[in-house]
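Visitor: Below are the sequence and a predicted model for it; my questions follow.
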Amino acid sequence: MSENTQAPSSASQPDAPTESQPRTESHDPSVPAAYSAFMRTGWGERELDLPRHPVAEHAARRRAELAEAFPGERLVLPAGTYKVRSNDTDYRFRPDTAHTYFSGNQTSDAVLVIEDGESVLYARPRSARDTDEFFRDRQYGELWAGRRPSQQEISDSLGIEVRHLDDLPAALGGAGKTRVHRGVAAGIDRLVSSDESRDEEFARVASEMRLVKDAWEIAELQEACDITTLGFEDSVREWDDVLKYGERWIEGTFFRRARAMGNDIGYDSIVGGGKHATTLHWIENSGPITPGELVLLDMGVEGNNLYTADVSRTLPVNGRFTGLQRELYDLVLTAQQAGIDAVRPNTPFLAAHHAAMTVLAHGLEGMGLLPVSAEEALDPESKVYARWTLHGTSHMLGMDVHDCGNASADIYPKGDLVEGMVLTVEPGLYFQEDDLLVPEELRGIGIRIEDDILVTADGSRNLSEALPRTADDVEAWMASRHG
């Protein structure tokens, strides 16, 4: 996904209803006392099968490291709650990244509290059978939304002490310095008075801890890339329907793979046919796929443990590039390879961007588009080449598609790469349909090629290399998958 300005923290969440106030709607049938009483009886006991989660040991180590960074302090990381999509319908819940990174928990409304080296997860377990929530609540009721795990089941799975969410206010009411990961849960933000500088430092440290991935995280990212490859292949196999139904078909096809083998898509898929490819974050995906044009696909699967891929390919709709399309594609590919070659330990994070932009600026100069020389255009006080490149070449990747956004700028993006970091390399060229400074034959063409690159001890590894990149390989791949 193309680099842009860092996204702000999630919008504050409304408070969740309590068990004594089940979430119902005005059109729900009435509940007479006799019916309510009858629904509270005659239920057997059963447990959810929640095995020990593989992240448990990693999360425990992360919590210990975070506690060491703030000795003697109380650290609060909420998961967040549901977000309204429309009226009385919510988006599918996805927990806050920092909360899950340090706890492994993916249930809604939970809050992780770390204090004096000890960690407690305050969670909203499944509703008791002697409450109206059990059979009436549309958001938390077992008969409406499914069976939530019990406190003990969460504890056994994640290897952490779990207490009821109702106990949280008392736990946060005592004396002592408290830092909150803010902007996730409005109720928690109100419950603990804010110290902006302390809380910003907390967010920064929590973000920076995610910069270097361990072996387990790398395996999760590799799996996300592998499933993403299958999603791209699915789309090409269904090219007849793509031509019939347009951008929507690719979006839906890729989403099916993401849900079948992962948790979700890592971000809204970008399916830009023709001129739509020149809109960096084109997520409307409502246009046609037209023979003779290109289609830019920027898509990534989020795995079940919330690590996401972020991959882009630009494909010729006919299955073969025209001469002009191939020339432009090869220029972007050369820029991307220069960026990938620049990725290695102890080099600046921005090295990939500078390498890719140098190639593109000289290419634009060769096309006669720059008003100055390439070297003059590359001067930080000029950058006029960026009219046709628009975005940065790289961003960190992990549990967020634009990962580690609260890190200090001196570390990211101004710092050096370290073994274990994962970043995208994704240069592009974009010629808007109404750009009078380029020849007419270029207008409406957008090309981006993006891969997910792991910094290794002696260089880098392309986690998404299973998808072809060269023009010849793309054409052969499309022919073999579509036939």
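Guide: That came through fine. Residues are numbered from 1 along each chain as shown.

Visitor: Could you list the low-pLDDT ranges of the stretch 351-483 of the chain?
Guide: Along the stretch 351-483 of the chain, the model assigns pLDDT under 70 to residues 483.

Visitor: Now do the strands in it.
Guide: Under the criterion DSSP state E, counting those that start in this stretch, the stretch 351-483 of the chain contains strands at 422-425, 428-431, 445-448, 451-455, 460-462.

Visitor: closest one to Gly187 among the ones you listed?
Guide: Minimum separation from Gly187 across the strands of the stretch 351-483 of the chain (Cβ to Cβ) falls at strand 422-425, 33.8 Å. For every residue, glycine as well, the C-beta is placed using N, CA and C.

Visitor: For that closest one, enumerate the helices and strands it packs against.
Guide: Strand 422-425 sits against helix 323-341, helix 351-366, strand 451-455, with contacts defined as 3 or more Cβ pairs under 8 Å, 6 or more residues apart in numbering; DSSP states H and E.

Visitor: if we can go back for a sec, need the winner for burial among the strands of the stretch 351-483 of the chain.
Guide: Highest mean neighbour count of the strands of the stretch 351-483 of the chain: strand 422-425, a mean of 27 (counted as mean count of other Cβ atoms under 10 Å).

Visitor: Contacts for that strand next, please.
Guide: Residues outside strand 422-425 that contact it (Cβ atoms under 8 Å, 6 or more residues apart in numbering) are 1, 3, 213, 218, 221, 310, 336, 339-340, 343, 349, 352, 356, 393-398, 403, 417, 450-455, 463.

Visitor: Show the contacting residues for Asn305.
Guide: By Cβ under 8 Å, 6+ apart, Asn305 lies in contact with Val55, Glu220, Asn263.

Visitor: Now flag whichever of these is closest to Thr41.
Guide: Distances from Thr41 to these, taken by Cβ to Cβ, are shortest for Asn263, at 36.8 Å.

Visitor: ok, now how distant is Ser86 from Glu251?
Guide: As defined by Cβ to Cβ, to the nearest Å, Ser86 lies at a distance of 20 Å from Glu251.

Visitor: Which one's more surrounded, those two?
Guide: Ranked by neighbour count (other Cβ atoms under 10 Å), Ser86 and Glu251 place Glu251 first, with 22 against 7.

Visitor: residues in contact with the strand or helix carrying that one?
Guide: Glu251 belongs to helix 247-261 when elements are defined using DSSP states H and E. Helix 247-261 has contacts (Cβ under 8 Å, 6+ apart) with 227, 230-232, 234-235, 238, 241-242, 264-265, 269, 271-273, 276, 285-289, 295, 297, 299, 301-302.

Visitor: Okay, and which of the residues you listed map to helices?
Guide: Residues of these located in helices (DSSP state H): Ile227, Leu230, Gly231, Phe232, Asp234, Ser235, Asp241, Val242.

Visitor: Can you tell me which of these are buried?
Guide: Buried subset of the ones in helices among the contacts of helix 247-261 (neighbour count, 16 or more other Cβ atoms under 10 Å): Ile227, Leu230, Gly231, Phe232, Asp234, Ser235, Val242.

Visitor: quick one: the last one and Gly287 touch, right?
Guide: No - here Val242 does not reach Gly287: they are 11.7 Å apart, not a contact under Cβ atoms under 8 Å.

Visitor: Next, the distance between the ends of stretch 61-79.
Guide: Terminal residues of stretch 61-79 are spaced 19 Å apart (Cα to Cα, to the nearest Å).

Visitor: Now do the buried residues in it.
Guide: Neighbour counts over stretch 61-79 (16+ other Cβ under 10 Å) mark Arg62, Arg63, Leu66, Ala67, Phe70, Glu73, Arg74, Leu75, Val76, Leu77, Pro78, Ala79 as buried.

Visitor: Redo those as TSV? Include pLDDT, distance to Leu315 and secondary structure.
Guide: Listed next are those as TSV, based on pLDDT from 0 to 100; distance: Cβ to Cβ, whole Å; DSSP: H, G, I helix; E, B strand; the rest coil:
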residue	pLDDT	distance to Leu315	secondary structure
Arg62	98	39	helix
Arg63	98	44	helix
Leu66	97	43	helix
Ala67	97	48	helix
Phe70	96	48	coil
Glu73	95	52	coil
Arg74	96	52	strand
Leu75	97	46	strand
Val76	97	46	strand
Leu77	98	41	strand
Pro78	98	41	strand
Ala79	98	38	coil
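
Visitor: who are the neighbours in contact with the residue lying closest to Arg320 once chain neighbours are set aside?
Guide: The spatial neighbour of Arg320 that comes closest, neighbours along the chain excluded (Cβ to Cβ, 6 or more residues apart in numbering), is Glu475 at 5.4 Å. With contact set as Cβ under 8 Å, 6+ apart, Glu475 has these partners: Pro316, Gly319, Arg320, Phe321.
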